[in-house]
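Undergrad: Can you look at this prediction? I've put the sequence above it.
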Amino acid sequence: MKIAVVYHSGYGHTAEQAKAVVKGIQAIAGAEPVLISTNDIDKHWQDLEQSAAIIFGAPTYMGSVSAEFKKFMDASSKIWGEQKWANKLAAGFTNSASQSGDKLNTLVTLAIFAAQHSMLWIGLGLMPGNNNSKGSVEDLNRLGCFLGAMAQSNADQGPEHGPTKSDLKTAEHLGKRVAEFAKKLA
Ligand SMILES: Cc1cc2nc3c(=O)[nH]c(=O)nc-3n(C[C@H](O)[C@H](O)[C@H](O)COP(=O)(O)O)c2cc1C
């Protein structure tokens, strides 16, 4: 059961988040993650067609998906015309420098993209963390999103410093959750 993770990362931070999603997929027996950078997308259209689920990931640039990721979205329009991804599972993740950084708009963009392909969107499935007096930045879903996995990476540091551990664990949770649902449906 293939599960594809399609992502773009200009500077390596979102790539770390994508790897964490893959780790979560690997936790489910029988799930085979396929990690695809949008830079290599032309070699992987068939992998996407063969996947039970596609998890989309983009950094938030200027309040939305990066232009490179949008290029991938637009390139999928022929597949959209034939509705070849209909009824596959979908989910999304994004990473940006600010705690908010308007990341939600990126996830909304990914969810609408999935809906246009008639895919079935899987949310994060975690209660918000770090939102009460006992909470901390170590909590899963510390950025408090339901639609997908959010992560934050400092703008002045490389991918070896961020996203934070809790954000990577949150991404891992998303990968595991999608793989579990794909297995149930298979
Ligand atoms: C063109 C550009 C636009 C950006 N816009 C935002 C933004 O809207 N909100 C934000 O919080 N960070 C923004 N950032 C910061 C990136 O989201 C952040 O550096 C992120 O970690 C980059 O991920 P990447 O290394 O996978 O490319 C922007 C960065 C770039 C290069």
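TA: Received, thanks.

Undergrad: avg pLDDT for the host helix or strand of Ile112?
TA: Ile112 belongs to helix 103-116 when elements are defined using DSSP states H and E. The average pLDDT for helix 103-116 rounds to 99.

Undergrad: which other residues reach the helix or strand just after that helix?
TA: On the C-terminal side of helix 103-116, the closest following helix or strand by DSSP H and E is strand 120-121. Strand 120-121 is contacted from outside by 87-91, 111, 114-115, using C-beta atoms under 8 Å, 6 or more residues apart in numbering. C-beta here means a position set from N, CA and C on the backbone, and glycine is covered the same way.

Undergrad: partner strands of strand 120-121, parallel or antiparallel?
TA: Applying DSSP bridges, strand 120-121 is found paired with strand 89-96 (parallel).

Undergrad: quick one: low-confidence ranges for the protein?
TA: Counting by pLDDT under 70, the chain contains no low-confidence range.

Undergrad: Repeat the analysis, applying 90 as the threshold.
TA: Scanning the chain with the threshold set as pLDDT under 90 gives 162.

Undergrad: show me the contacts for the closest residue to the ligand within the chain.
TA: In the chain, the residue that lies nearest the ligand is Gly101 (2.1 Å; C-beta to the nearest ligand atom). By C-beta under 8 Å, 6+ apart, the residues touching Gly101 are 60, 63, 152.

Undergrad: let's see it at 6 Å
TA: Gly101 makes contact with Thr60 under the criterion C-beta atoms under 6 Å, 6 or more residues apart in numbering.

Undergrad: I'd like the contacts of strand 120-121 as JSON lines, with neighbour count and distance to Ala18 appended.
TA: Shown next, in JSON lines, are the contacts of strand 120-121 (neighbours: other C-beta atoms under 10 Å; distance: C-beta to C-beta, whole Å):
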{"residue": "Asn87", "neighbour count": "11", "distance to Ala18": "24"}
{"residue": "Lys88", "neighbour count": "21", "distance to Ala18": "18"}
{"residue": "Leu89", "neighbour count": "22", "distance to Ala18": "17"}
{"residue": "Ala90", "neighbour count": "22", "distance to Ala18": "15"}
{"residue": "Ala91", "neighbour count": "31", "distance to Ala18": "12"}
{"residue": "Ala111", "neighbour count": "19", "distance to Ala18": "18"}
{"residue": "Ala114", "neighbour count": "22", "distance to Ala18": "17"}
{"residue": "Ala115", "neighbour count": "12", "distance to Ala18": "22"}
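
Undergrad: Can you name the two of those residues that sit furthest apart?
TA: Pairwise distances across these peak at 15.8 Å for Asn87 and Ala111 (criterion: C-beta to C-beta).

Undergrad: returning to that earlier point: is the residue of the chain closest to the ligand in a helix, a strand, or coil?
TA: Put simply, Gly101 is coil when judged by DSSP: H, G, I helix; E, B strand; the rest coil.
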